[in-house]
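> Coordinates for the following, if possible.
(one chain, ligands or ions: 2)
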Amino acid sequence: PGSRVSLTVNGVRRTVTVDNRTSLLDLLREHLDLTGSKKGCNAGACGACTVLVDGRRVNSCLTLAVRLEGAEVTTIEGLAKGDRLHPLQQAFIDQDAFQCGFCTPGQIVSGVGCIQEGHTGSPEEIREWMSGNLCRCGCYAKIERAVEQAAGRK
Ligand code: FES
Ligand code: FES
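Numbers count the residues shown, from 1 in each chain. Ligands and ions are numbered 1, 2, ... in the order given. Reported below is the predicted structural model:
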């Protein structure tokens, strides 16, 4: 069984018909060709699929697409403004905060959420509120510094 759902993705209104079991992650990657959000575990454990829904961080692999009627979704592809990187994207480059890059889209979107939520008072607080995003390459210290930089503390 399929359903039609209309939602806004990175500022563009999209209407798609999807199977009722389709996750937001599969909607993005397979129906809208937005492959920046990564499928790490597909089970809510790694954060590689993190996007913002109505400004809040969610694991898109655990979110059913058909429940998002009218929602505003922001993915990694929606953060830069024209040629200008989002400050946190620039901070990841400045701080050398990635190796393989697989976790990076989720880390950056999650970091944007973390900053918007105001959970950047100390390195420890950043680590705690970024703890849902795993990095197999172990870039945690640099990721924390990148979030700190974009939050304006560096
Ligand atoms: Fe969604 Fe791992 S792919 S949390
Ligand atoms: Fe490789 Fe994080 S940079 S998993």
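> how is the chain carved up into domains?
With domains defined by automatic domain parsing, the chain comprises 2-78, 87-150.
> Just the strands from this structure, written as ranges.
For the chain, the strands defined by DSSP state E cover 2-9, 12-19, 50-53, 56-59, 72-74.
> What separation do you get for residue 24 and ligand 1?
10 Å (C-beta to the nearest ligand atom, to the nearest Å). Every C-beta, even on glycine, is put in place using the N, C-alpha and C of the backbone.
> As a markdown table, the domains of the chain with mean pLDDT and mean neighbour count would be great.
Converted to a markdown table, those look like this (pLDDT from 0 to 100; neighbours: other C-beta atoms under 10 Å):
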| stretch | mean pLDDT | mean neighbour count |
| --- | --- | --- |
| domain 2-78 | 98 | 18 |
| domain 87-150 | 98 | 19 |
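> now those in TSV, with distance to ligand 2?
Listed next are the domains of the chain as TSV, based on distance: least, C-beta to the nearest ligand atom, whole Å:
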stretch	distance to ligand 2
domain 2-78	8
domain 87-150	3
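> any residues touching the longest helix along the chain, and which ones?
In the chain, taking DSSP state H as the definition, the longest helix is helix 104-117. Contacts of helix 104-117 with the rest of the structure, by C-beta atoms under 8 Å, 6 or more residues apart in numbering, involve 36-38, 40, 46-52, 55-57, 74-76, 79, 86, 88-89, 92, 97-98, 120, 126, 129-130, 132-133, 135, 143, 146-147, 150-151.
> likewise stretch 135-148?
88, 91-92, 94-100, 102-103, 107, 111, 114-115, 120, 123, 126-127, 130, 133, 154.
> which stretches of the chain form helices?
Using DSSP H, helices in the chain cover 24-26, 87-94, 104-117, 123-129, 140-150.
> now the third one: how far from the chain's centre is it?
Counting by C-alpha atoms, centre = their mean, to the nearest Å, helix 104-117 is centred 6 Å from the centre of its parent chain.
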